[in-house]
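Novice: Generate a structure from the sequence data that follows.
(one chain, ligands or ions: 1)
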Amino acid sequence: MSEPIIATEHLTRRFSRRDPDGRLGLRRTTLTAVDDLSIRIHPGEAVGYIGANGAGKSTTIKMLVGILVPTSGTVRTCGRDPLRERRQLAREVGVVFGQRSQLWWDLPLRESFTILGAIHEQGRAALTDRTDELVTTLGLGDFLTTPVRALSLGQRMRGEVAAALLHRPRLVILDEPTIGLDVLSKQQLREFLTAERGTHGTTLLLTTHDMGDIERLCDRVLVVDHGHLAYAGTLDDLARTSGAKRILVVDLAESASPLTGIPHTEHLSSQGNGVRQQLAFDPDRTSAAKVLAAVSERAEVLDLSIEEPDIEDVVRRIYHSRM
Ligand SMILES: Nc1ncnc2c1ncn2[C@@H]1O[C@H](COP(=O)(O)OP(=O)(O)OP(=O)(O)O)[C@@H](O)[C@H]1O
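Specialist: Presented below is the predicted three-dimensional model:
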């Protein structure tokens, strides 16, 4: 197999913090944000890095790109030491922090691209070609001349992604790229990242609380819990191992009593005198089609939707199964 694009061995980062209970705030405690983390990601993979708030995701990413110094352990990104070779690494990696901007607030989006192109020492022709490609694929044409501060969140995020990918990085790291975006903007961004990966073989590592991001973008997930690697594998296996259920929501033609007694299915709740009902089913033992067929024998179904397990719920289950 090819050399990993990300490889960490026993990577650990501790923070020393003021103990909130210490007198005059003088006592300090140590918090281990990333704890003995050994992971490998290969070129061309798309990997979701998930975990609850404070699990250590951002701290890991900061060490991967050389912003934070590890307390112990090793990290290699694109075959480089991120601390010693941070500048060279910046040419090979694109980073998107959903909550922070790398664009110039008062300048039109186009100007940010020009400045970034200069920073990366991209030739004029290469920059123009790449900008045109990104403007088309990300649909930036209508607001290229708008100052960044006047963009909507969805427009700005597309601009952020374009800025991070302008120099054709081999590895793109995205920290909560779809946070706060509407459904359409999320979909556009996911489609773009999938296409970019298909065309250029770009490796993706993303943190997200959105199951849809993981499902549509990632081949594999890493779950981190209190800095430890709690799980590495496919999303399907993750949901299966954790026993996460799917939820079928049905809208019926008229009110009905709770739809209980359907095999491998649990009635969760009813609204509007039973016109809308939520049923949780175990996807390993039955299917949405079977549950729907059983419901249809008892009531006329007007509409339905299937809710995927909530990522936080899946992650919580992993934690509980480890305790
Ligand atoms: N500079 C710092 N100084 C002290 N503690 C920190 C620092 N940065 C992070 N931490 C702590 O380290 C732990 C891990 O934080 P981190 O931001 O990596 O989590 P996360 O998984 O990215 O969380 P979220 O999903 O909320 O972004 C948290 O308890 C956080 O408070």
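Novice: Residue 288: neighbour count?
Specialist: Residue 288: 15 surrounding residues under other CB atoms under 10 Å. C-beta: built from backbone N, CA, C; applies to glycine.
Novice: I meant residue 119, not that one.
Specialist: Neighbour count of residue 119, defined by other CB under 10 Å: 12.
Novice: before we move on, what about residue 181?
Specialist: Neighbour tally, residue 181, other CB under 10 Å: 20.
Novice: And the nearest residue to it once chain neighbours are set aside, which helix or strand is it part of?
Specialist: Of all residues not flanking residue 181 in the chain, residue 154 sits nearest, at 5.3 Å (CB to CB, 6 or more residues apart in numbering). In the assignment (DSSP states H and E), residue 154 maps to helix 153-165.
Novice: What are the contacting residues of whatever helix or strand comes next after that helix?
Specialist: With elements assigned by DSSP H and E, the helix or strand that comes after helix 153-165 is strand 171-175. Strand 171-175 is contacted by residues 5-6, 57-58, 61, 64-65, 77-78, 92-99, 161, 164-165, 193, 196, 202-208 when judged by CB atoms under 8 Å, 6 or more residues apart in numbering.
Novice: Helix 153-165 and strand 171-175, what's the angle between them?
Specialist: If you take axes from the mean of the first three to the mean of the last three CA atoms, to 10 degrees, strand 171-175 sits at 150 degrees to helix 153-165.
Novice: quick one: contacts for the most centrally placed residue in the chain?
Specialist: Residue closest to the average C-alpha location in the chain (CA atoms, centre = their mean): residue 208, at 2.8 Å. Under the criterion of CB under 8 Å, 6+ apart, the neighbours of residue 208 are 48, 50, 174, 176, 177, 178, 179, 214, 311.
Novice: Let's have these in CSV, adding pLDDT and distance to residue 278.
Specialist: Formatted as CSV, the contacts of residue 208 follow (pLDDT from 0 to 100; distance: CB to CB, whole Å):
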residue, pLDDT, distance to residue 278
48, 94, 26
50, 90, 24
174, 93, 32
176, 88, 28
177, 86, 30
178, 85, 25
179, 82, 26
214, 86, 23
311, 62, 18
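Novice: can you redo the residues you listed as TSV with neighbour count?
Specialist: Below are the contacts of residue 208 laid out as TSV (neighbours: other CB atoms under 10 Å):
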residue	neighbour count
48	24
50	30
174	26
176	18
177	26
178	25
179	16
214	24
311	26
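Novice: before we move on, the earlier item: buried ones among the contacts of strand 171-175?
Specialist: 5-6, 57-58, 61, 64-65, 77-78, 92-98, 161, 164-165, 193, 196, 202-208 (16 or more other CB atoms under 10 Å).
Novice: mind listing which of the residues you listed are in helices?
Specialist: Within the buried ones among the contacts of strand 171-175, residues falling in helices by DSSP state H are 57, 58, 61, 64, 92, 161, 164, 165, 193, 196.
Novice: interface residues of the protein facing the ligand?
Specialist: By CB under 6 Å from any ligand atom, the residues of the chain that approach the ligand are 15, 17, 31, 33, 51, 53, 54, 55, 56, 57, 58, 59.
Novice: Next, give me the two most distant ones among those residues.
Specialist: Of all pairs drawn from the residues of the chain next to the ligand, the greatest distance, 19.6 Å, lies between 17 and 51 (CB to CB).
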